[in-house]
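Visitor: Attaching a predicted model along with its sequence, questions to come.
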Amino acid sequence: MPAGSPLAGRLALPQPGLLFAVALTTIPLFVQIVVGSVAVVVAAGVFVVATARPHELARFTDEFQVTLLPVLTFATLAVSVAICWLFFGRTIGRKLAWRRVSVGQLVSVLALTVPFAVLASEVTNCVTDVLQSYEIELLRTLNEKGGEVFLRFASRPAWLVFLGACLLPGLGEEVYCRGLLSRGLVARYGVIGGTILAAGLFGAMHIEPVQAIGAFALGIGLQYVFLTTKSLFAPIILHTLNNSLAFLTMRFAEAYPIRGLTPLPDGGVAHTPLPLLAAAVLAAAALMMIMFQNRTRWRLPDGSDWNPGYVTAETPEAALGAVAVRGTVHPLLVAGATVAWGLLAAALVAAHRAVAA
């Protein structure tokens, strides 16, 4: 623990361990519940006093809860930064890997957005199918309520949707889940075990079962991007773009339906066409191989790679004189990824035309 941290001397690095991480996961959820409840009560009181129409309170409260989404995502970002400061103090930027991502890695991150979105969407389709086969009223209610809130929020002004449902969640959740929680989990349980645990907690923070499992699948990809680029900017960008794409498909579902990505009018489940799913798998695999070949390592002045004794994405201390180096990507792999993405684009167009027809 750095000397500038208020928790210095209390916790052994690397933290958090599993139980501590589970406990930490509840804090943003608790803050959201408190902030949301207080805001609803205050707004309802103001509405009744200002309008003298208590019979319309239920409708107002329902609409206000949808509008409240940006406030809750900002609360998550604020509490994430505050808790990370308690852990890392003045070294927060270095510990979180708050550093730019290279141009080549950025291109790979951008290209991964669509294939990851297709794969995560199909995961949620399968989960929805399974849940609908069981008569569990609570799960059905959570699923319908969560979907309704997001669909209604998608119709809000574009800048508000991007800020409240894309950028703020991308910042807050990545700072907390990748920057803090996964740091200790990966260091303690290895890349595979730590990634699965971190992705599981990331999914649990979304509460609603279908969304939680979709977030778990996406969280594995986000963790891979984080560890290969060793930059928190990379998963923040990917997370923000993934959310943006999800809200775009909801907003324009009627005009540009795509089987497997946009909801059906009757609320049913449409699975992703096999050609589109295969193209997404192929594109994701090729791009992830590129990111592995182009992964970031910290090279010390003596020519060796910096290793703090555990797997981490954090930046080494400046006094060590380490510089970021990246591997060279094989041209054939780049060509393969380009072809795979072309197939993905063609499959997307075909999936849209099939629904439109």
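Guide: It's in.

Visitor: Around the nearest residue in space to His330 that is not next to it in sequence, count how many other residues there are.
Guide: Distances taken as C-beta to C-beta, 6 or more residues apart in numbering place Gln293 nearest to His330, at 6.7 Å, with adjacent residues excluded. Any C-beta I mention is one placed from the backbone N, CA and C, and that applies to glycine too. By the criterion of other C-beta atoms under 10 Å, Gln293 has 15 neighbours.

Visitor: Equivalent analysis for Phe64, please.
Guide: By other C-beta under 10 Å, the residues close to Phe64 number 15.

Visitor: returning to what we had before: contact partners for the residue nearest to His330?
Guide: Gln293 sits next to Gly327, Thr328, Val329, His330, Leu333 when contact means C-beta atoms under 8 Å, 6 or more residues apart in numbering.

Visitor: Distance check, it against Arg99.
Guide: Here Gln293 is placed at a distance of 20 Å from Arg99 (C-beta to C-beta, to the nearest Å).

Visitor: Same question for Gly336.
Guide: Distance, Gly336 to Arg99, using C-beta to C-beta: 29 Å.

Visitor: for Val191, same thing?
Guide: Between Val191 and Arg99 the computed distance is 20 Å (C-beta to C-beta).

Visitor: Does Arg297 belong to a helix, a strand or coil?
Guide: Secondary structure, DSSP: H, G, I helix; E, B strand; the rest coil: Arg297 is strand.

Visitor: so for stretch 218-232, what's the average pLDDT?
Guide: Averaging pLDDT along stretch 218-232 gives 97.

Visitor: ok, now stretch 40-58?
Guide: In the prediction, stretch 40-58 has an average pLDDT of 81.

Visitor: Which positions in it come out as buried?
Guide: Of the residues in stretch 40-58, Ala43, Ala44, Phe47 count as buried by neighbour count, 16 or more other C-beta atoms under 10 Å.

Visitor: and Gly36, what element?
Guide: Assessed by DSSP states H and E, Gly36 sits inside helix 18-51.

Visitor: What of Glu122?
Guide: Assigned by DSSP H and E, Glu122 belongs to helix 103-132.

Visitor: can you check Gly309 too?
Guide: Using DSSP H and E, Gly309 falls outside every helix and strand.

Visitor: Give me the pLDDT value at it.
Guide: Listed pLDDT for Gly309 reads 87.

Visitor: Compute the distance between it and Phe20, please.
Guide: 19 Å.

Visitor: quick one: which of these two has more around it?
Guide: A count of neighbours by other C-beta under 10 Å puts Phe20 above the other of Gly309 and Phe20, at 14 against 8.

Visitor: check which helix or strand covers the residue nearest to that one when sequence neighbours are not counted.
Guide: Excluding its sequence neighbours, the residue lying closest to Phe20 (C-beta to C-beta, 6+ apart) is Gly184, at 7.4 Å. Gly184 belongs to helix 182-204 when assigned by DSSP H and E.

Visitor: Run the chain-centre distance for the next helix or strand after that helix.
Guide: Beyond helix 182-204 in the direction of the C-terminus, DSSP H and E gives the next helix or strand as helix 209-229. Distance of helix 209-229 from its chain centroid, counting by C-alpha atoms, centre = their mean, to the nearest Å, is 6 Å.
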